[in-house]
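*Asks:* Kindly generate the corresponding structure for this input.
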Amino acid sequence: MPVSVSADAEVREARKLKSAHENVELLKEKLLEEKRRRERVEAELSKRQELQLSMKKLEDELTSWKLIIEDIPGVSCSEDLPVKFASLQKYVNSSFQSFEPALLDHLDE
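*Replies:* Okay, the predicted model is just below:
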């Protein structure tokens with residue numbers, strides 16, 4: 001009977017080793033999954049930081065444009081700009097036309 005007890009003990013030991021090995025393999029798989037997950041999260045975090053930086057730059061640029069708009073007489077918002085530019089363009093054209101004959105006379109001399 002000692003052989004049978006010894007064989008049973010060896011079988012139990014072999015099963016424990018097999019179970020431990022399977023647990024180690026399972027833990028290795030879980031570790032790899034977590035590493036891949038961490039890498040994805042870090043990549044997303046990096047993208048998020050880049051987007052935040054880009055957003056900050058855009059917010060700063062928008063603030064600058066708003067300050068510029070405040071300094072333009074007759075302009076209270078961005079929608080006023082095309083109208084203001086059109087009126088300035090008309091003003092420049094009419095001013096140029098009134099000086100054109102004098103300019104041409106001066107060039108002829």
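*Asks:* hey, let's count contacts and neighbours off CA atoms from now on
*Replies:* OK.
*Asks:* any idea how far the lengthiest helix in the chain is from the chain center?
*Replies:* Looking across the chain with DSSP state H, the single longest helix is helix 2-70. Centroid separation between helix 2-70 and its chain, computed with CA atoms, centre = their mean, to the nearest Å, is 22 Å.
*Asks:* Stretch 90-99 too?
*Replies:* Between the centre of stretch 90-99 and the centre of its chain there are 46 Å (CA atoms, centre = their mean).
*Asks:* C-alpha coordinates for that stretch, CSV please?
*Replies:* Output in CSV follows, covering the C-alpha atoms of stretch 90-99 (Å, rounded to 0.1, in the frame of the first residue of the first chain):
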residue,chain,number,x,y,z
LYS,A,90,-15.5,101.8,-50.7
TYR,A,91,-13.8,104.7,-48.8
VAL,A,92,-10.3,103.8,-50.1
ASN,A,93,-11.6,103.4,-53.7
SER,A,94,-13.4,106.8,-53.6
SER,A,95,-10.4,108.4,-52.0
PHE,A,96,-8.1,106.9,-54.6
GLN,A,97,-10.4,108.1,-57.5
SER,A,98,-10.3,111.7,-56.2
PHE,A,99,-6.5,111.7,-56.1
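*Asks:* show me what contacts Lys84?
*Replies:* Gly74, Val75 (CA atoms under 8 Å, 6 or more residues apart in numbering).
*Asks:* Kindly recompute the last result at 10 Å.
*Replies:* When contacts are counted by CA atoms under 10 Å, 6 or more residues apart in numbering, Lys84 is found next to Ile72, Pro73, Gly74, Val75, Lys90.
*Asks:* Which strand or helix spans the fourth one?
*Replies:* Translated: Val75. According to DSSP states H and E, Val75 maps onto no helix or strand at all.
*Asks:* Kindly state the pLDDT recorded for it?
*Replies:* Note for Val75: predicted pLDDT of 86.
*Asks:* now it: how far from Glu13?
*Replies:* The gap separating Val75 from Glu13 is 87 Å, by CA to CA, to the nearest Å.
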